[in-house]
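1. please work out how this folds:
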Amino acid sequence: MRTARGVVAGLLTPLVIGGVVTSMPAAADPNIDLTAALDRAIDARVAQLDIPGAIVGLYIPGQLEYVKTVGVGDTATAVPMLADYHTRIGSVTKTFTGTAVLQLVDQGRIRLSDPISRYVEGVPSGDDITLDLLGRMRSGLPDFIETDTFMDRLYSEAPLGPDAFAFTPRQLVDAAFEQPVNFAPGAQFQYSNTNAVLLGLVVEKVTGQPLGEYLQQNIFGPLGLAQTSYPSNGVLPGPYTHGYNRASDGTVYDTALWNPSWGDAAGKIVSTLPDLRVWAAALGKGTLLQPDTQARRITGGSTLIPGVEYNFASFTVHGWIGHNGDIPGYTTVVVYLPERDATLVVITNSDIPEPHAAGQIAYEVTSIATPDHLYEVGPQPPLLMDDEG
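-> This next block holds a predicted model:
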């Protein structure tokens with residue numbers, strides 16, 4: 001969810017303590033070196049990033065079930081980070097919204113070739129922007145968060161409490177439409193949160209349900225995601241990790257109870273490591289979709305760098321299918337690797353480091369566990385370790 005100003009990206013003096021690790025037992029401990037290597041790399045990267053804490057889960061059936069927590073969930077109390085803490089998942093929300101849209105396609109209620117003007121009034125070039133272009137970030141519509149007004153309001157209003165800084169989806173898209181379009185529909189790729197909010201409005205228009213209600217009945221419930229929610233305000237269910245964000249003036253904020261309503265269908269969801277593990281596999285396998293719909297979802301996208309494509313409300317990174325998330329105070333990576341039936345979830349409670357903190361940790365994990373399938377979306381900062389690292 002981050003803006004170009006580096007505060008709300010692809011959406012977020014720390015104390016690092018020993019992590020908690022579990023791994024599958026084996027008579028000869030074949031994974032002990034892998035587990036130790038992961039421990040060292042994650043500890044080193046978290047220390048280098050200088051973030052309060054992280055949660056990492058890597059699951060490779062028949063080989064490894066690895067869960068590690070590092071650091072603290074609250075810098076004020078030094079409470080250790082725990083694996084079941086609730087967290088804000090930022091743009092991973094888009095994968096849920098995209099799945100909801102594709103379910104409606106499977107039901108024959110909409111088509112991806114439909115223009116957005118059929119469902120939402122007042123969209124610039126709405127007759128030419130299809131639902132497919134919205135999901136693939138090729139609409140040309142500007143992002144509602146890319147304004148000075150938005151950023152000023154974020155830091156003046158969001159800290160006031162969980163009901164402050166509230167928006168409706170219509171207010172968000174109208175703010176976007178006050179800006180000029182970036183390019184003609186379909187001409188190129190440009191990530192915009194406005195696209196996902198519009199898709200959420202489509203779901204509400206077609207089903208007659210609030211998006212959160214639809215998600216609960218058709219995604220969260222069927223998959224047993226009991227700790228995943230689409231919140232109405234900034235109150236987080238407990239237990240939760242506090243998130244930390246730094247404003248342009250250097251002030252560090254605890255963003256745990258900031259209202260995420262502005263994230264809407266693009267970044268509003270709250271979840272936990274256990275639920276995200278289930279979701280990553282369901283997303284990557286297309287569990288809730290028809291096979292041909294899933295195949296269409298994960299292909300035909302825009303190549304961002306070699307090996308990295310953005311498809312329909314999800315990306316593929318050297319074989320890993322999923323999305324990252326970034327909302328003030330939190331970063332997340334949730335991905336699935338079909339070749340290994342592997343799932344990787346990384347959560348951090350700070351969005352201050354650049355680039356994406358969870359993405360940097362995901363890179364370290366995959367460089368050790370799946371070196372032929374790196375989670376790599378750009379140049380990675382060097383990791384300086386001792387001789388044993």
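
2. the strands in the stretch 101-250 of the chain, which residues?
-> Taking DSSP state E, counting those that start in this stretch as the test, the strands found in the stretch 101-250 of the chain are 244-246.

3. pLDDT below threshold where in the chain?
-> 1-32, 378-389 (pLDDT under 70).

4. which one's the longest helix in it?
-> Under DSSP state H, the helix in the chain containing the largest number of residues is helix 32-49.

5. between helix 32-49 and the helix or strand just after that one, find me the angle.
-> Moving toward the C-terminus from helix 32-49, the next helix or strand (DSSP states H and E) is strand 53-60. Calculated by axes from the mean of the first three to the mean of the last three Cα atoms, to 10 degrees, strand 53-60 forms an angle of 150 degrees with helix 32-49.

6. burial of the closest residue to Asp163 other than its chain neighbours, as a residue count?
-> Leaving out its chain neighbours, the residue that sits closest to Asp163 by Cβ to Cβ, 6 or more residues apart in numbering is Asn233, at 5.1 Å. Any C-beta I mention is one placed from the backbone N, CA and C, and that applies to glycine too. Asn233 has 16 neighbouring residues, counting by other Cβ atoms under 10 Å.

7. for Pro353, see how far away Asn233 is.
-> Distance of Asn233 to Pro353, computed by Cβ to Cβ, to the nearest Å: 28 Å.

8. buried ones in stretch 145-156, by neighbour count?
-> 145-147, 150-151, 154-155 (16 or more other Cβ atoms under 10 Å).

9. and what of stretch 314-331?
-> Within stretch 314-331, the residues that count as buried by 16+ other Cβ under 10 Å are 314-331.

10. how far does that stretch sit from its chain's centre?
-> Here stretch 314-331 is found 5 Å from its chain centre; the criterion is Cα atoms, centre = their mean, to the nearest Å.

11. CA atoms only: put it into PDB for me.
-> Taking C-alpha atoms only, stretch 314-331 is exported to PDB below (Å, rounded to 0.1, in the frame of the first residue of the first chain):
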ATOM      1  CA  SER A 314      -1.700 -11.700  -7.300                       C
ATOM      2  CA  PHE A 315       1.800 -12.000  -8.500                       C
ATOM      3  CA  THR A 316       4.300 -14.800  -9.400                       C
ATOM      4  CA  VAL A 317       7.800 -14.400  -8.200                       C
ATOM      5  CA  HIS A 318      10.100 -17.100  -9.500                       C
ATOM      6  CA  GLY A 319       7.400 -19.700  -9.100                       C
ATOM      7  CA  TRP A 320       5.900 -18.400  -5.800                       C
ATOM      8  CA  ILE A 321       2.300 -17.300  -6.200                       C
ATOM      9  CA  GLY A 322       0.800 -14.700  -3.800                       C
ATOM     10  CA  HIS A 323       1.100 -11.100  -2.700                       C
ATOM     11  CA  ASN A 324       2.900  -8.800  -0.300                       C
ATOM     12  CA  GLY A 325       1.400  -6.300   2.000                       C
ATOM     13  CA  ASP A 326       2.400  -3.000   3.500                       C
ATOM     14  CA  ILE A 327       0.200  -0.700   5.600                       C
ATOM     15  CA  PRO A 328       1.500   1.800   8.200                       C
ATOM     16  CA  GLY A 329       3.400  -0.200  10.800                       C
ATOM     17  CA  TYR A 330       3.200  -3.600   9.200                       C
ATOM     18  CA  THR A 331       4.700  -5.600   6.200                       C
END
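
12. and the residue nearest to Gln190 when sequence neighbours are not counted, how many neighbours?
-> Spatially, and ignoring its direct neighbours in sequence, Gln190 is nearest to Asn182 (5.6 Å; Cβ to Cβ, 6+ apart). By other Cβ under 10 Å, 15 other residues sit near Asn182.

13. chain center to the longest helix of the chain, what's the gap?
-> Here helix 32-49 is found 23 Å from its chain centre; the criterion is Cα atoms, centre = their mean.

14. buried residues in that helix?
-> 34-35, 37-46, 48-49.

15. please apply the same query to stretch 352-371.
-> 352-353, 355-370.

16. take those and keep only those in helices.
-> Among the buried residues of stretch 352-371, DSSP H puts 357-369 in helices.

17. flag every buried residue along stretch 249-259.
-> Buried residues in stretch 249-259 (16+ other Cβ under 10 Å): 253-259.
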